[in-house]
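Chemist: based on what follows, work out the 3D shape:
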Amino acid sequence: MIDSTAGDEGRRKFQVAYIGENPDDHTIDADALGAALVGYAQLIRIANMELNKDRATVKLLVESDFEHKCFNINFELIQTVLDTIRTFLDDKEAVANATALLTKIGVIGGVAGTAIASVFGYLKWKKGRTVEKVENSGSNNVIVHIHGDGNTLNIAKDVYRLAENSQILAAVDAALAPVMNKEAKRIEFRQDDRPSAVLDENDVKAIEASVSAGPSLTLTPTVPDPSPQTVTATLHVYSPVFDVKPPMWRFLYRNKPIYADISDTDIARDAVKRGGSFRNDRYRVKVEVTPPKKPDGDAHYKIIQVLDFMPAEQQITMPLKKPRKKRGSRSAKA
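Modeler: Model (predicted):
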């Protein structure tokens, strides 16, 4: 058991039943069962790690039951929110609790229906089809576009992240092993001995097709607001400049090389008067920053005012002493 002093515990029980052709046969292949048990443990552990990072730990307990005319497994999930982490949280909603974790996976709360809100439900809907595009829909959801048939699905961002995680997919594959190995005809997820969702052979095949297809696209980053913003920044000249004509100069900004438009300033003219602009010349400026129009594009920088300038330290050239003339020896003069 988990030490209760480690933090606040949350417990949630659920059941998984593997239903075969013969309801009186309570046996199941040991390899298939072992893979399934490990699969559920990994599925929950990885999901908790993905959603909660190091804020909570989980432990899955199992107890077999042979009184249901099937191979029924009673699970109990114990989740501990660490005290050392909880003290930094404003509320416990910052942690996906045991119920939320199991609901996102799909072992409680249902799998079927139009509202696909779980890993099992999403993989069943996907049926191994190719995802063409994934875009953000608000702060917590994404829209998944299937290639070719125009099908789309609005789904929770957390569920999509879990369902497209390669380790999660491997764990799901293991959980389906008894049906895939013909040891069972269907899987029932139960709560208090009542089925909450059923995966028949066709459902399992659809999920398995998605597992075999592997992870799809990563989330499309949110496109920033394209409106420009004026910020005060410190820029260092990245490349020496000796010509007044180029409107774009290369600077170092936040340790990253950028091109900035200087056409509305006297930067170039003043630099030419000084004999050029040198690497590490420092400018304190007001710059207008326009975010990129595409997620993989570059921002546009335009300097609108120079607040301060400090030239880079230059190596001082010291005059060399002329070598002394060699004195001829007296014997040579003689």
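Chemist: how deep is the nearest residue to residue 129 once chain neighbours are set aside tucked in, by neighbour count?
Modeler: Nearest in space to residue 129, with sequence neighbours left out and distances taken as Cβ to Cβ, 6 or more residues apart in numbering, is residue 146 at 4.9 Å. Every C-beta, even on glycine, is put in place using the N, C-alpha and C of the backbone. Other residues near residue 146 come to 18 when the count uses other Cβ atoms under 10 Å.
Chemist: cool, and residue 304?
Modeler: Residue crowding around residue 304 was assessed by other Cβ under 10 Å; the count is 13.
Chemist: tell me the secondary structure for it?
Modeler: strand (DSSP: H, G, I helix; E, B strand; the rest coil).
Chemist: these two touch, right, it and residue 264?
Modeler: Yes - applying Cβ atoms under 8 Å, one finds residue 304 in contact with residue 264, separated by 6.2 Å.
Chemist: looks to me like residue 309 is in a helix.
Modeler: No - assigned with three-state DSSP, residue 309 falls outside any helix and is strand.
Chemist: where's it relative to residue 277, distance?
Modeler: Here residue 309 is placed at a distance of 10 Å from residue 277 (Cβ to Cβ, to the nearest Å).
Chemist: kindly report the same for residue 128.
Modeler: For residue 128 relative to residue 277 (Cβ to Cβ), the value is 58 Å.
Chemist: higher neighbour count, those two?
Modeler: Neighbour totals were compared for residue 128 and residue 277, and residue 277 leads with 23 against 15 (other Cβ under 10 Å).
Chemist: which residues does that one contact?
Modeler: Going by Cβ atoms under 8 Å, 6 or more residues apart in numbering, residue 277 touches 237, 240-242, 249, 267-268, 271.
Chemist: and it, how far is that from residue 310?
Modeler: For residue 277, the distance to residue 310 (Cβ to Cβ) stands at 12 Å.
Chemist: so residue 38, which of the three states?
Modeler: Going by three-state DSSP, the secondary structure assigned to residue 38 is helix.
Chemist: from what I can see it touches residue 170, true?
Modeler: No - here residue 38 does not reach residue 170: they are 10.2 Å apart, not a contact under Cβ under 8 Å.
Chemist: low-confidence ranges, the stretch 51-200 of the chain, go.
Modeler: 64-71, 81-95, 110-115 (pLDDT under 70).
Chemist: which stretches in it count as strands?
Modeler: Secondary structure of the stretch 51-200 of the chain (DSSP state E, counting those that start in this stretch): strands located at 56-65, 71-82, 131-137, 141-146, 152-156, 186-191, 194-199.
Chemist: output the contacting helices and strands for the first one.
Modeler: Just to be clear, that refers to strand 56-65. Judged by 3 or more Cβ pairs under 8 Å, 6 or more residues apart in numbering; DSSP states H and E, strand 56-65 is in contact with helix 30-52, strand 71-82.
Chemist: hang on, the earlier thing: and of the strands of the stretch 51-200 of the chain, who's closest to residue 96?
Modeler: strand 56-65 (8.0 Å; Cβ to Cβ).
Chemist: what angle separates the closest one from helix 30-52?
Modeler: Interaxial angle, strand 56-65 versus helix 30-52 (axes from the mean of the first three to the mean of the last three Cα atoms, to 10 degrees): 150 degrees.
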